[in-house]
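# Sequence first, then the predicted structure:
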Amino acid sequence: MKKYQEFNLGNVKLLSGKTLKCAKLVYKTYGKLNKDQSNVIVLPTFYTGTHIRNEGFIGKNRAINPNKYFIISINMFGNGLSSSPSNSIKAQHGSLFPEITLWDNIYCQHKLITEKLKIKKIALVAGWSMAGCQSYQWATQYPDMVKSILPFCASSKTSTHNHVFLEGVKAALTADVNWNEGKYKKQPIAGLKAFGRVYAGWAFSQDFYRKKLYKKFGFTNVEDLLKNWANDHAKNWDANNLLSKLKTWQLNDISKNPTYKGDYIKALKSIRAKTILMPCNQDLYFRTAENEFEKRFIKKSLLRPVDSAYGHCAANPGNDKNFQRKLDQNITELLI
């Protein structure tokens, strides 16, 4: 059985007007498509995530059950599997890789699903963080195709504060002298480690550290956790890939495209999909208040916030059983 599949898109004109050359999407499917194509679930990937990490949301005893649903897990551009700075052709390699938006991602995901997989309807688009941001994008870009969405710890537009947080981790990475404006020959390890250490302060809540919940992960103290985050980023990620996706995150806005022309309220009102918004009240950068605002304009929407000391990482598979239980309840409700 293949680890994953590739869909070659050829040259793709981007929202910016530039062209992504020899574009490809990497994806994996789980389960079987039923006769009337009514059992399709799309799971985009999140920041520093691949289809493998998405498997933590799938299971025979979970709401996203491969015995019942046909699940399509699609890797976002910039994550090292789909077209990314690290794997693109020489003319667009590394720092030459073009700016990608979520509109570009969903445009290409739509081509995969309609042209390659021949699917016309999607029962649910769901995801954590940037994957959740893509669920809003699906619902506004192709409103007639998507029956329901469940973004968790996500928003339809990146807030100014969220943007500033990302500038912080970006500054930590690019301060490494070996960064060299993205033209490095070896990974800027010190910058990648700094990126990871700074990020750890935002990924979890203040209560997480106050209650010393890091000990549940096997860390003796905070420094052990910080070293783990630093080493993980240095070992597993290409610097240009991280910054490409970071820029995509900062550009997240469902209204910044030819359809809505910057009219954010109009874009929210265009969502026809049944929607459950599921923030974590202790998330430090995707704030509940943003989802409260969205609910005012998304017609068929419910707001289901969850409290968790794990903050943004409450949604990370295995971290918080209560969050997982409520997530599955909400998914089941949407799929009825």
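It's in.
# May I ask which helix or strand encompasses the most far-flung residue of the chain relative to its centre?
In the chain, counting by Cα atoms, centre = their mean, residue 220 sits farthest out from the average C-alpha position, at 30.2 Å. Using DSSP states H and E, residue 220 falls within no helix or strand.
# quick one: pLDDT of it?
You'll see residue 220 listed with a pLDDT of 98.
# how close does it sit to residue 212?
10 Å (Cβ to Cβ, to the nearest Å). Where you see a C-beta, it was placed from the backbone N, CA and C, and this is true even at glycine.
# same check, this time on residue 35
53 Å.
# same check, this time on residue 18
Distance of residue 18 to residue 212, computed by Cβ to Cβ: 48 Å.
# Which secondary structure state does the residue nearest to residue 195 when sequence neighbours are not counted sit in?
Nearest non-adjacent residue to residue 195, counting by Cβ to Cβ, 6 or more residues apart in numbering: residue 173, 4.3 Å away. Following DSSP: H, G, I helix; E, B strand; the rest coil, the label given to residue 173 is helix.
# Can you report how many residues lie near the residue nearest to residue 304 when sequence neighbours are not counted?
Closest residue to residue 304 in three dimensions, ignoring its sequence neighbours and counting by Cβ to Cβ, 6+ apart: residue 278, at 5.1 Å. Using other Cβ atoms under 10 Å, residue 278 has 26 neighbouring residues.
# my read: residue 278 touches residue 149, true?
No. Residue 278 is beyond contact range of residue 149, at 10.6 Å (criterion: Cβ atoms under 8 Å).
# Can you give the domain ranges for this protein?
Per automatic domain parsing, the domain ranges recorded for the chain read 5-157+253-334, 162-246.
# Buried deepest among the ones you listed, which one?
With neighbours taken as mean count of other Cβ atoms under 10 Å, these reach their highest mean count in domain 5-157+253-334, at a mean of 20.
# Now do it, average pLDDT.
98.
# ok, the closest residue to residue 4 other than its chain neighbours - contacts?
Nearest residue to residue 4, sequence neighbours excluded (Cβ to Cβ, 6+ apart): residue 28, at 4.5 Å. Residue 28 makes contact with 3-5, 51, 72-73, according to Cβ atoms under 8 Å, 6 or more residues apart in numbering.
# swap in residue 23?
Residue 23 touches 8-12, 77, 83, 108, counting by Cβ under 8 Å, 6+ apart.
# Which ones among those map onto helices?
residue 108 (DSSP state H).
# Return the closest of the contacts of residue 23 with respect to residue 273.
residue 108 (20.0 Å; Cβ to Cβ).
# wait, what's in contact with the closest one?
Residues in contact with residue 108 (Cβ under 8 Å, 6+ apart) are 9, 12, 23, 25, 77.
# Could you tell me the phi and psi values at the residue nearest to the first one when sequence neighbours are not counted?
Nearest residue to residue 9 in three dimensions, chain neighbours excluded: residue 23, at 4.1 Å (Cβ to Cβ, 6+ apart). Here is the backbone geometry of residue 23 (degrees, to the nearest 10): phi -70, psi 150.
# same check, this time on residue 116
Dihedral angles for residue 116 - degrees, to the nearest 10 - are phi -90, psi -50.
# Name whatever forms a beta bridge with the residue nearest to it when sequence neighbours are not counted.
Spatial nearest neighbour of residue 116, excluding adjacent residues (Cβ to Cβ, 6+ apart): residue 7 at 5.2 Å. Residue 7 has the following beta-bridge partners by DSSP bridges: residue 25.
# List the residues that contact residue 7.
24-27, 111-112, 116.
# quick one, what contacts residue 8?
22-24.
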